[in-house]
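J.: Quick one: sequence and predicted model below, then my questions.
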Amino acid sequence: NAGVMQNPRHLVRRRGQEARLRCSPMKGHSHVYWYRQLPEEGLKFMVYLQKENIIDESGMPKERFSAEFPKEGPSILRIQQVVRGDSAAYFCASSPGGQAYNEQFFGPGTRLTVL
Amino acid sequence: AQTVTQSQPEMSVQEAETVTLSCTYDTSESDYYLFWYKQPPSRQMILVIRQEAYKQQNATENRFSVNFQKAAKSFSLKISDSQLGDAAMYFCAYRRFTGNQFYFGTGTSLTVIP
């Protein structure tokens, strides 16, 4: 059973470009979470999605950031018009359910560098 | 809002010795979950141990154990018989009983000295 997969592992963008980060959850998992880790900091929650629904986006910046988890295919975190401050590692996690006791399994992360 | 504090940015331990990493948290809730995650240089987040707040017994996973002091809101991780492979960043995390997200501390970088 493959773990959570994220691609690309490294992404370089120039200011003003768009970044698309993909996350394929573990098989059988329908709950996906996105976190951002700035240098020297812990992970910060961004958004929680189930298939075709955004359940909690309280950690998502109001502008330029969006996320989706379509019925088919991976979850996508999209950052429009990237700025240098968006440089960070973005982690996706998945779980089989949304209850707190369900373990979240993390992917290897995507490291975004904005030039 | 929940906050998680790790007051030790860096720790070191001699191989085969024991080390304790500190974590405190702030919450007004009575039921919740606490976690320790390990992040090696590969940056993969790996679950080390989990504690349910309603359980009085401290969780243990092989060489890893916790000291959970609910009244003091303290959740320390003890690593016994430290191995070189234990070198990593360790993050303490809190999750509400009815919540979706983790709240992470800023991490402790553990070095294991051969």
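T.: Good, I have the coordinates.
J.: For A:Gln81, which three-state class applies?
T.: Of the three states, A:Gln81 takes coil according to DSSP: H, G, I helix; E, B strand; the rest coil.
J.: Run through the residues that contact it.
T.: Contact partners of A:Gln81, counting by CB atoms under 8 Å, 6 or more residues apart in numbering or on different chains, are A:Arg15, A:Gly16, A:Gln17, A:Glu18, A:Arg64. Backbone N, C-alpha and C define where each C-beta goes, glycine included.
J.: Tell me the pLDDT of the fourth one.
T.: At A:Glu18, the model reports a pLDDT of 98.
J.: isn't it right up against A:Asp86?
T.: No: contact criterion CB atoms under 8 Å: A:Glu18 and A:Asp86 do not qualify, at 10.9 Å.
J.: And those two? Which one has more around it.
T.: A:Asp86 (20 against 11; other CB atoms under 10 Å in any protein chain shown).
J.: Could you give the number of residues near A:Gly42?
T.: Counted with other CB under 10 Å, A:Gly42 comes out at 21.
J.: How much space separates it from A:Ser30?
T.: Distance of A:Gly42 to A:Ser30, given as CB to CB, to the nearest Å: 26 Å.
J.: for A:Arg22, same thing?
T.: Taking CB to CB, one finds A:Arg22 at 17 Å from A:Ser30.
J.: bridging residues for the residue nearest the centre of chain A?
T.: Most central in chain A under CA atoms, centre = their mean is A:Trp34, positioned 3.5 Å from the mean C-alpha point. Beta-bridge partners for A:Trp34, by DSSP bridges, are A:Val47, A:Cys92.
J.: same check, this time on A:Thr113
T.: Beta-bridge pairing of A:Thr113 under DSSP bridges involves A:Val12.
J.: Can you tell me which residues in chain A are near chain B?
T.: Within reach of chain B by CB under 8 Å from any CB of the partner chain, chain A has these residues: A:33, A:35, A:40-45, A:48, A:55-56, A:58-59, A:89, A:91, A:93, A:98, A:100-101, A:103-106, A:108-109, A:111.
J.: Thank you, goodbye.
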